[in-house]
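Student: Just a sequence and a predicted model for now, questions to come.
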Amino acid sequence: MTKSEIKFLSGPQSRLKEFLFTISIVRQFIKGFRELHFIGPCITIFGSARFDEHHEYYKLTRKAAGEFAKLGFTIMTGGGPGIMEAANRGAKDVGGRSVGCNIQLPREQKHNPYLDKWVEIKHFFVRKVLLVKYSFAFVVMPGGFGTLDEYFEAITLIQTKKIGDFPVIIFCKDFHQKLIEHTHVMRMEGTVSEADLGLFLVTDSIEEAITLIKEEGIKKHGLKFEKKIKPFRWLFESKFKF
């Protein structure tokens, strides 16, 4: 984190410092909204930065992202290496659109070379808003704390009706076995409902994921890919056009 963020999270500051930090957050949101306004309907893919192109998870992600891009979606990721790179690369393989929402970190995070457009964000909570805002489906690949944070953020928003009931797809059953078992423990303890277990699909099949996206993402929400948003020249938006 930046020094300003560490200080902000350490407790109450002066009113001036709190106000200035708030303004900096508003500027981050405006920057993200302007950069990503024209990217079209997205599928966001979450996953680890630590798998290289020879790993099976990288190869699966690249293939799956290509198939999702063929449906007309822009593929959005955190913009970094590993699974994120694989997803953006898969979109480019088939001539699809590829975007990234990078986070500024001391290691592991630099934008990958398969992005048509990216925006660099300082704070995780701002980035998570952007990753969710433009997406009509969420795909969870193997990852660490950050991946699970993004997954639970998205599914909590769906569960609490803060966003639409978009498809959430968890790939790689073996990797996520204990996580899925724990969701059933939560169901048994009553902390989630039976209906909540239907908010996500666990699969190893790209075809099954595509079927769900078509039915619960495109058809259910009446998604139209041909709709275009015109830039306003008086807002200097032409250079932000995707």
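Tutor: Right, received. Where do you want to start?
Student: Grab the CA positions of the helix or strand containing residue 150 and hand them over as CSV.
Tutor: Using DSSP states H and E, the element containing residue 150 is helix 145-159. C-alpha atoms of helix 145-159 as CSV (Å, rounded to 0.1, in the frame of the first residue of the first chain):
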residue,chain,number,x,y,z
PHE,A,145,-6.0,-14.6,-1.3
GLY,A,146,-6.6,-11.9,-3.9
THR,A,147,-8.6,-14.2,-6.2
LEU,A,148,-10.8,-15.4,-3.3
ASP,A,149,-11.3,-11.8,-2.2
GLU,A,150,-12.6,-10.9,-5.6
TYR,A,151,-14.7,-14.0,-5.9
PHE,A,152,-16.4,-13.5,-2.6
GLU,A,153,-16.9,-9.8,-3.3
ALA,A,154,-18.7,-10.6,-6.5
ILE,A,155,-20.9,-13.4,-5.1
THR,A,156,-21.8,-11.4,-2.0
LEU,A,157,-23.0,-8.5,-4.3
ILE,A,158,-25.1,-11.0,-6.2
GLN,A,159,-26.4,-12.7,-3.0
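Student: Identify the residues contacting it?
Tutor: Helix 145-159 is contacted by residues 44, 46-48, 78, 83, 124, 128, 131-132, 135, 138, 140-141, 162-166, 168, 170, 179, 192, 196, 199-200 when judged by Cβ atoms under 8 Å, 6 or more residues apart in numbering. Yep, even glycine has a C-beta here, placed from its N, CA and C like the rest.
Student: starting at the chain centroid, how far to that helix?
Tutor: 10 Å (Cα atoms, centre = their mean, to the nearest Å).
Student: Stretch 96-113 now?
Tutor: Mean C-alpha position of stretch 96-113 versus that of the full chain (Cα atoms, centre = their mean) differs by 12 Å.
Student: In it, which residues are buried?
Tutor: 96, 97, 98, 99, 100, 101, 102, 103, 109, 111, 112 (16 or more other Cβ atoms under 10 Å).
Student: if I pick the third one, what's in contact with it?
Tutor: Counting by Cβ under 8 Å, 6+ apart, residue 98 makes contact with 69, 74, 75, 87, 88, 89, 91, 92, 114, 115, 116, 117.
Student: now do 7 Å
Tutor: Residues near residue 98 by Cβ atoms under 7 Å, 6 or more residues apart in numbering: 75, 88, 91, 92, 114, 115, 116.
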